[in-house]
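> Give me the fold of what follows.
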Amino acid sequence: MSGEQNQQYNRYEKARIIGARALQVSYGAPVLTDTGQTEPILIAAEEYDADVLPFTVRRGKTPARGESQ
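Okay, here's the model as predicted:
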């Protein structure tokens, strides 16, 4: 992921990515960057800023129930 790629996420996507990663860290997932932080949300934010998170955001309209693609 490049620095430009982080900028394509809107604030809701960024919040979702960081929140999901913080939950993973709080359950014992390995930390992907060197950091002095102990709070999972701060660790996740640093990882996001360092572009090391392997998350993908899928956008677009999903089909309603009963509809095929």
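
> All the helices of the chain, in order from the start?
Remark: helices assigned in the chain by DSSP state H are 3-6, 11-26, 40-49.

> Export the last one to PDB, keeping only CA atoms.
Backbone C-alpha positions of helix 40-49 (Å, rounded to 0.1, in the frame of the first residue of the first chain) are rendered in PDB as follows:
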ATOM      1  CA  PRO A  40      -4.800  -1.100  20.700                       C
ATOM      2  CA  ILE A  41      -6.500   1.900  19.000                       C
ATOM      3  CA  LEU A  42      -3.300   3.900  19.000                       C
ATOM      4  CA  ILE A  43      -1.300   0.900  17.700                       C
ATOM      5  CA  ALA A  44      -3.800   0.500  14.900                       C
ATOM      6  CA  ALA A  45      -3.700   4.200  14.000                       C
ATOM      7  CA  GLU A  46       0.100   4.000  13.700                       C
ATOM      8  CA  GLU A  47      -0.100   0.900  11.600                       C
ATOM      9  CA  TYR A  48      -2.600   2.600   9.300                       C
ATOM     10  CA  ASP A  49      -0.300   5.600   9.000                       C
END
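
> what about Asp49, how many neighbours?
13 (other Cβ atoms under 10 Å). Glycine gets a C-beta too; all of them are placed from N, C-alpha and C.

> ok, it to Ile18 distance?
Distance of Asp49 to Ile18, given as Cβ to Cβ, to the nearest Å: 10 Å.

> Tell me which residues touch Gly19, please.
By Cβ atoms under 8 Å, 6 or more residues apart in numbering, the contact list for Gly19 reads Ile41, Ala44.

> should've said Thr35
By Cβ under 8 Å, 6+ apart, the contact list for Thr35 reads Leu42, Ile43, Glu46.

> so how far is Pro54 from it?
Taking Cβ to Cβ, one finds Thr35 at 17 Å from Pro54.

> Likewise for Gly66?
Gly66 is 33 Å from Pro54, by Cβ to Cβ.

> same deal with Leu42?
From Leu42 across to Pro54, the span is 19 Å (Cβ to Cβ).

> Also Lys14?
In this view, Lys14 and Pro54 are 15 Å apart by Cβ to Cβ.

> When the two are compared, which one has more neighbours?
Per other Cβ under 10 Å, whichever of Lys14 and Pro54 has more neighbours is Lys14, with 15 against 7.
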